[in-house]
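Q: Have a look; sequence and predicted model below, questions after that.
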Amino acid sequence: MKKFSFFFLLFLFSVQIFAAQGRSPFPDKIDYVNIIGRDCTAYFNAAAPDFFLRQAADNLNYPLFRWTSDKQTDARYPGYSNSPVLSFFGVKVVEMIVRFENDRLHQLYTVYYSRGDAKKPLRMMDFDKLCSTLAKKLAAYTGDEGKLITGNLTKNDRLFNRIYVKNGFVFELKSGVRTEKNTKSGEFIQLIISRLDPENDPRRQRVTQTRTTVRRMELAENLRKNENGDVWLDNIPMVDQGMKGYCVPAVLERVLRYYGNEDVTQHTLAQMAGSRADKGTSVEGMVEVVRKTGSRIGVRVSPVYLRGNDVKEMEKLVRDYNKIAHRMKKRQIRMITRQKGKTVYYMVAETLAQMEPEVELQLWTSRQREYNEFRDLIRKNIKKGIPVIWSVQLGKFREEKTPNQTAGGHMRLIIGWNEQEDRLIYTDTWGSGHEKKSMPTAQAWTITTAYFTVEPR
């Protein structure tokens, strides 16, 4: 038996003893470098999904690792307040994900810092110090000084990738820095460990140049149907946005991973879009980012449906709504505006938020042409294997498995429909249990604020 395999079994046995004695199944603090050992080979060969499945079956993975979806291809350490403190190379981590392909460990992905997860942003001096500390620890572990590759995704966003190689494995220490108004901010620090593919050696690639690997004609192979009338896209990777307001970049990361691009994460996308953990990302901001960098990340954006983007249209919406509200004996609304100096701003979200669901349902479904365009676009794209990016206003109707965020703007993916029941099938970026959900199409159209597609070039 391999020495590491014995250690792995010993670790599992120790966990079971803790559980049997009614004590915490895991220590309070774990440094994962002790799990992978001095040589990644043994860990990558021994760590298979069934090991994590055994932990889940015995309730031993809570709250260290949890499957991100029912596919059980990714297991995630979420870094919750009640999680054991997990460190890697002696530095506390925010998130860790182990990813599998064909029942074989494919990648170990670690986030040491992300602006979205941080209660207080790191000072640039401390951000640089953390990067330097990790670089030295990786050099000592791998015996490789590493090769630094840098590049700009946008004029404001610079990426750094220091690459180390040991025994057929590649260690990529990635970080992002954003500059606005001559002020720099550290955005994220990640470590990605994977098997080295000589034909795609990252030391010979630009850090800002990535590609989708799935051909468009292959996407329709993900279409599934069942006896209940569901038609949906399978195999869309789950990305859990965690506790931060990163639904927009997390949705886009899912789409990119579905197209075979594993290099661009929600943290990179959030950096480019100027996302904030508390206020999220605007649809317009993310669309602009994809349009500017689409040639680099291998995708393009379709025309965007954006509700209430025109002042005259909003004024007409309010008039039409009030007519229906009057017939239904419901409260009427007004256009909400804000004045800054001599400029008057029309507040679309605040105006729409006044609408009562039953009145709004009548309003939007009466707009038959727009409603049909929405339905037709979904069917057209799903049949081609392309999910539809869907921005909504939560809190209008009761939904399946909605967590604490019960109201406000949110982004998700439309992945199918059910013609018999006239329902729309969608998925959320909230991890396991949110892979495939549905709601009446009329309600889905009512809560819509925007929709579009991102397609592989």
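A: It's in.
Q: Just checking: what are the partner strands of the host helix or strand of I163?
A: Assigned by DSSP states H and E, I163 belongs to strand 157-166. Looking at strand 157-166 with DSSP bridges, its partner strands are strand 147-154 (antiparallel), strand 169-180 (antiparallel).
Q: got the contact list for that strand?
A: 40, 131, 135, 138-139, 141-144, 146-153, 170-179, 187, 196, 202-203, 207-208, 268, 271-272 (CB atoms under 8 Å, 6 or more residues apart in numbering). From N, CA and C alone the C-beta is placed, and that goes for glycine too.
Q: Over to the nearest residue to L108 once chain neighbours are set aside. Which of the three states is it?
A: Distances taken as CB to CB, 6 or more residues apart in numbering place I193 nearest to L108, at 4.3 Å, with adjacent residues excluded. Classification of I193 using DSSP: H, G, I helix; E, B strand; the rest coil returns strand.
Q: Please name the bridge partners of I193.
A: L108, F171.
Q: Report pLDDT for it.
A: pLDDT for I193: 96.
Q: burial of it, as a residue count?
A: When neighbours are counted by other CB atoms under 10 Å, I193 registers 22.
Q: Equivalent analysis for I163, please.
A: 24.
Q: what's the answer for the one 4 residues further on, then?
A: In terms of burial, N167 registers 11 neighbours under the definition other CB under 10 Å.
Q: what helix or strand does the nearest residue to M124 once chain neighbours are set aside sit in?
A: For M124, ignoring the flanking residues on the chain, the nearest one in space by CB to CB, 6+ apart is K184 at 5.2 Å. Element membership for K184 (DSSP H and E) is strand 183-195.
Q: Which positions in that strand come out as buried?
A: Buried residues in strand 183-195, counted by 16 or more other CB atoms under 10 Å: 185-194.
Q: Could you do stretch 216-225 as well?
A: Result for stretch 216-225 [16+ other CB under 10 Å]: buried residues 219, 222.
Q: Can you list the neighbours in contact with that stretch?
A: Contacts of stretch 216-225 (CB under 8 Å, 6+ apart): 230-236, 259, 382-386, 416, 455-456.
Q: Just the buried ones from those residues?
A: Counted by 16+ other CB under 10 Å, the contacts of stretch 216-225 give 230-233, 236, 259, 382, 385-386, 416, 455-456 as buried.
Q: So of those residues, which two are at opposite extremes in space?
A: Pairwise distances across the buried ones among the contacts of stretch 216-225 (CB to CB) peak at 24.8 Å, for the pair D230 and P456.
Q: Tell me which stretches of this structure form helices.
A: Taking DSSP state H to define them, one finds helices in the chain at 3-20, 33-36, 40-46, 49-57, 124-142, 216-219, 247-258, 266-273, 283-297, 311-327, 348-353, 357-365, 368-383, 441-446.
Q: Tell me which of the ones you listed sits most buried.
A: Stretch with highest mean neighbour count among the helices of the chain: helix 266-273 (a mean of 27; mean count of other CB atoms under 10 Å).
Q: Quick check: bridge partners of the closest residue to N156 other than its chain neighbours?
A: Excluding the flanking residues, the one nearest N156 by CB to CB, 6+ apart is T179, at 5.3 Å. Beta-bridge pairing for T179 (DSSP bridges): K184.
Q: give the contact list for T179.
A: 156-158, 185.
Q: Swap in 10 Å and give it another go.
A: 152, 154-158, 185 (CB atoms under 10 Å, 6 or more residues apart in numbering).
Q: cool, and W430?
A: W430 touches 68, 238-242, 247, 250, 401-403, 405, 410, 412, counting by CB under 10 Å, 6+ apart.
Q: roughly how far apart are V304 and E350?
A: The spacing between V304 and E350, counted by CB to CB, to the nearest Å, is 21 Å.
Q: Need the per-residue pLDDT for A47.
A: pLDDT at A47 comes out at 74.
Q: Please tell me how far it sits from Y32.
A: 11 Å.
Q: where do the contact lists of those two overlap?
A: 98, 108.
Q: more crowded one of those two?
A: For A47 versus Y32, neighbours defined as other CB under 10 Å are more numerous around A47 (20 against 17).
Q: distance of that one from G90?
A: When A47 is compared with G90 (using CB to CB), they lie 21 Å apart.
Q: what about the stretch 151-300 of the chain, any weak spots by pLDDT?
A: 208-209, 211, 274-281 (pLDDT under 70).
Q: Give me the buried subset of the contacts of T179.
A: If we count by 16+ other CB under 10 Å, the contacts of T179 have these buried: 154, 157-158, 185.
Q: how about a markdown table for the residues you listed, with distance to D263 added?
A: Formatted as a markdown table, the buried ones among the contacts of T179 follow (distance: CB to CB, whole Å):
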| residue | distance to D263 |
| --- | --- |
| T154 | 16 |
| D157 | 14 |
| R158 | 16 |
| S185 | 22 |
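Q: Among the residues you listed, which one lies nearest to K312?
A: Nearest to K312 among the buried ones among the contacts of T179, with distances taken as CB to CB, is T154, at 33.3 Å.
Q: check contacts around the residue of the chain positioned farthest from its centre.
A: Relative to the C-alpha centroid of the chain, counting by CA atoms, centre = their mean, R327 is the outermost residue, at 42.7 Å. Counting by CB under 10 Å, 6+ apart, R327 makes contact with 359, 362.
Q: Can you give me the distance of it to R367?
A: Between R327 and R367 the computed distance is 16 Å (CB to CB).
Q: What of E221?
A: Using CB to CB, E221 is found at 35 Å from R367.
Q: okay, stretch 284-304 in CSV with CA atoms only?
A: What follows is stretch 284-304, C-alpha atoms only, in CSV (Å, rounded to 0.1, in the frame of the first residue of the first chain):
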residue,chain,number,x,y,z
GLU,A,284,-24.9,46.6,-18.3
GLY,A,285,-21.5,46.5,-16.6
MET,A,286,-21.0,42.8,-17.2
VAL,A,287,-22.2,43.0,-20.7
GLU,A,288,-19.7,45.7,-21.5
VAL,A,289,-16.9,43.7,-20.0
VAL,A,290,-17.8,40.6,-22.1
ARG,A,291,-18.0,42.8,-25.2
LYS,A,292,-14.6,44.3,-24.6
THR,A,293,-12.8,41.0,-23.7
GLY,A,294,-14.9,38.6,-25.8
SER,A,295,-12.2,37.9,-28.3
ARG,A,296,-9.8,37.1,-25.5
ILE,A,297,-12.1,34.7,-23.6
GLY,A,298,-13.6,33.2,-26.8
VAL,A,299,-17.3,34.4,-26.5
ARG,A,300,-19.6,37.0,-27.9
VAL,A,301,-22.8,38.6,-26.6
SER,A,302,-26.2,38.6,-28.2
PRO,A,303,-28.4,41.7,-28.3
VAL,A,304,-29.7,42.4,-24.7
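Q: if we can go back for a sec, would you format the strands paired with strand 157-166 as a markdown table with distance to A442 included?
A: Output for the strands paired with strand 157-166, formatted as a markdown table (distance: least, CB to CB, whole Å):
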| stretch | distance to A442 |
| --- | --- |
| strand 147-154 | 40 |
| strand 169-180 | 41 |
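Q: so of these, which one's packed in deepest?
A: strand 169-180 (a mean of 20).
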